[in-house]
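Q: A predicted structure for the sequence below; I have some questions about it.
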Amino acid sequence: QKEVEQDPGPLSVPEGAIVSLNCTYSNSAFQYFMWYRQYSRKGPELLMYTYSSGNKEDGRFTAQVDKSSKYISLFIRDSQPSDSATYLCAHGAGGFKTIFGAGTRLFVKA
Amino acid sequence: GAGVSQSPRYKVAKRGQDVALRCDPISGHVSLFWYQQALGQGPEFLTYFQNEAQLDKSGLPSDRFFAERPEGSVSTLKIQRTQQEDSAVYLCASSLLRADNSNQPQHFGDGTRLSIL
């Protein structure tokens, strides 16, 4: 079992839809959680960063962490074609090693 | 620019050649990471530097891979006797260090796309 599982997609939605992206993880030592967005031929760009269970909101993006079930989600409201990218969840357990999921490819159709 | 800079952006080499990939982190960032990203996969950790000290090299796939950061800023990832399976995007990231020695979120460069023929 991989430490971080993420559905690779692709996920295709119409413009304006609410998008839900999910990850599960197996290591209960993970302490902090991140979502990165990666456009084609670009490096990952940090979207959300959180330590705790619960919700964290930033504009159209909401990250949700449930440590008891080892499940994290990213919600995108009012999705735009410019949101079309690969979304990577990432986890760390302190120290310096960060574990990434394989990424979910999202397409938002105009 | 203010971001992490990597060069070259693209590198094509013949199997058996040595290659060197460069990373210029964000100024003042103590921590520097190298990752390998295969097509359709997430980044896989290779190695970590705190200033000039290489604190973790557990992700380096073989002894053909070598990384250095001699003055605590620019870093070079070297791959000797390249093999076809080394073809991937090599990403560099940097971050600040907190007082408790944990890292702030990482900022990534756009990577070097390495193709071994």
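A: Sure, I can see it.
Q: now the strands for chain B?
A: Here chain B has its strands, by DSSP state E, at B:5-7, B:10-13, B:19-24, B:31-37, B:44-50, B:53-56, B:65-68, B:75-79, B:88-95, B:107-108, B:112-116.
Q: What is the neighbour count of residue B:54?
A: By other C-beta atoms under 10 Å in any protein chain shown, the residues close to residue B:54 number 17. (Each C-beta comes from the backbone N, C-alpha and C, glycine too.)
Q: The one 4 residues further on now?
A: Burial of residue B:58 is recorded as 9 neighbouring residues (other C-beta under 10 Å).
Q: nearest residue to residue 96 other than its sequence neighbours?
A: No chain specified, so I'll use chain A. residue B:48 (4.6 Å; C-beta to C-beta, 6 or more residues apart in numbering or on different chains).
Q: Correction: the question concerned chain B.
A: residue B:104 (4.4 Å).
Q: wait, isn't the one you found in contact with residue B:93?
A: No: using C-beta atoms under 8 Å as the test, residue B:104 is too far from residue B:93 to be in contact (10.9 Å).
Q: Pick out whichever of the two has more residues nearby.
A: A count of neighbours by other C-beta under 10 Å puts residue B:93 above the other of residue B:104 and residue B:93, at 27 against 15.
Q: residues near the nearest residue to the more buried one once chain neighbours are set aside, how many?
A: Residue nearest to residue B:93 in three dimensions, not counting chain neighbours: residue B:106, with 3.8 Å by C-beta to C-beta, 6+ apart. Counted with other C-beta under 10 Å, residues neighbouring residue B:106 total 28.
Q: From residue B:64, how far off is residue B:106?
A: Distance from residue B:106 to residue B:64, counting by C-beta to C-beta, to the nearest Å: 25 Å.
Q: And for residue B:107?
A: From residue B:107 to residue B:64 the distance is 28 Å (C-beta to C-beta).
Q: Who has more neighbours out of those two?
A: Remark: of residue B:107 and residue B:64, residue B:107 carries more neighbours, 20 against 14, as counted by other C-beta under 10 Å.
Q: The more buried one contacts residue B:94, doesn't it?
A: Yes: in this structure, residue B:107 is within contact of residue B:94 by C-beta under 8 Å, at 5.9 Å.
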